[in-house]
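Structure, please.
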Amino acid sequence: MSKGLLETVISGEATRTSHGQVVLALGQAIVSGEYPVGSILPGDAELALRFKVSRTVLREAMKTLAAKGLIVARARIGTRVTPRASWNLFDGDVLTWHFHAGIDEEFLRHLREVRLAFEPHAAALAAQNATEAEISNMMRLAVAMGDPNHTASSLANADLKFHLAVADASGNPFMRTVGSLIETALASVFKLSSPASGRERIDEVARSHIRIVEEISRRDEAGARLAMEDVIRVGHDRVHRAIAAAPEILPAS
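Numbers count the residues shown, from 1 in each chain. Next comes the predicted model:
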């Protein structure tokens, strides 16, 4: 993933390389349904002309999309868009394209469910395995979330750093692979309803994350698990309340 979703949402900057631009344009077109599942993409000559790139650049872009599970090339048939079940939803780019294509409450619910499946267990593992240095780092990151000068973007980045640090401290390298899911969830939460809108809400966020570290420091696996579950639920519940009050805040699909 060349640029994280949080950074993309915050800066609005697009990928600049020719390869990246082709991958971005075709990936977004596939995820948004412009090229529906089962459809055949235009031929290489047409796409190379459209994007003003060489056949070599185009082929590399197609390999990237195939690696993400979005397309499959067949001799004498062409390049077909694969069923959504084949798409790699752990891939940061695919998640980013979903976000920009338009997310709905079902998408947010699925994100919450998968976070609840992974992150509380990562916190419990951190209570088992985290070193004192890792615990000190997590506490530093949690306390930093209470900075009253946070903007929505800086608080979102601080939150992401904390959750990735917990995943790292779990001692299980597979936990770190959910980083893109965490980033997408946090981008959704902070884009739709940021707690940085008031000092009291910032303090609340910091306290809830400090509680996670305190439970990890006590080596309380059940406590760490519960504290992480509470953080995830509170963040997503805040978004659902914001959507209920103003449905138009959801990006248009």
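
give me the element the residue of the chain positioned farthest from its centre is part of.
When distances are taken from the C-alpha mean of the chain, residue 76 lies farthest, 36.8 Å away, according to Cα atoms, centre = their mean. Using DSSP states H and E, residue 76 sits in no helix or strand.

Would you quantify the distance from it to residue 83?
21 Å (Cβ to Cβ, to the nearest Å). C-betas here are computed from N, CA, C, even on glycine.

what about the residue farthest from the centre of the chain, distance to residue 30?
Counting by Cβ to Cβ - residue 76 and residue 30 are separated by 22 Å.

and residue 72, what are its phi and psi?
phi -140, psi 130 (degrees, to the nearest 10).

Identify the residues contacting it.
Residues in contact with residue 72, defined by Cβ atoms under 8 Å, 6 or more residues apart in numbering, are 66, 79, 80, 82.

if you set the cut-off to 10 Å instead, what comes out?
Residue 72 is in contact with 65, 66, 79, 80, 81, 82, 86, counting by Cβ atoms under 10 Å, 6 or more residues apart in numbering.

same deal with residue 168?
Residue 168 sits in contact with 122, 126, 130, 134, 137, 138, 175, 176, 179, where contact means Cβ under 10 Å, 6+ apart.

hmm, back to that, please report how far the residue farthest from the centre of the chain lies from residue 49.
Counting by Cβ to Cβ, the gap from residue 76 to residue 49 is 22 Å.

List the buried residues in the helix or strand containing residue 211.
Element membership for residue 211 (DSSP H and E) is helix 199-217. For helix 199-217, burial by neighbour count (16 or more other Cβ atoms under 10 Å) applies to 202, 205-206, 208-217.

cool, and stretch 220-236?
Using 16+ other Cβ under 10 Å as the test for burial, stretch 220-236 gives 221, 223, 224, 225, 226, 227, 228, 229, 231, 232, 235, 236.

correct me, but the fourth one touches residue 118?
No. Using Cβ atoms under 10 Å as the test, residue 225 is too far from residue 118 to be in contact (11.4 Å).

Please compute how far stretch 112-124 lies from its chain's middle.
Relative to the chain's own centre, stretch 112-124 is displaced by 14 Å; criterion: Cα atoms, centre = their mean, to the nearest Å.

Can you classify residue 80 by secondary structure?
Taking DSSP: H, G, I helix; E, B strand; the rest coil as the rule, one finds residue 80 in the strand state.

Count the neighbours of it for me.
16 (other Cβ atoms under 10 Å).

Going forward, the N-terminal residue is numbered 4.
All set: I'll call the first residue 4, so the last point we hit is now residue 83.

do you know how far it is from residue 130?
47 Å.

same deal with residue 202?
In terms of Cβ to Cβ, residue 202 sits 30 Å off from residue 130.

for residue 213, same thing?
15 Å.

circling back: can you tell me the average pLDDT over the very next helix or strand once past the helix holding residue 214?
Once helix 202-220 ends, the next helix or strand along the chain (criterion: DSSP H and E) is helix 224-248. Confidence over helix 224-248 (mean pLDDT, whole number) is 87.

Does anything pack onto helix 224-248? Which helices or strands?
helix 108-132, helix 155-172, helix 182-195, helix 202-220 (3 or more Cβ pairs under 10 Å, 6 or more residues apart in numbering; DSSP states H and E).

try 7 Å this time
helix 108-132, helix 182-195, helix 202-220 (3 or more Cβ pairs under 7 Å, 6 or more residues apart in numbering; DSSP states H and E).

Tell me what angle that helix forms with helix 155-172.
Inter-element angle recorded for helix 224-248 and helix 155-172: 150 degrees (by axes from the mean of the first three to the mean of the last three Cα atoms, to 10 degrees).

all helices of the stretch 4-153 of the chain, in order?
Ranges of helices in the stretch 4-153 of the chain, per DSSP state H, counting those that start in this stretch, are 8-14, 21-35, 47-54, 58-70, 95-104, 108-132, 135-147.

Nice, that's everything, thank you.
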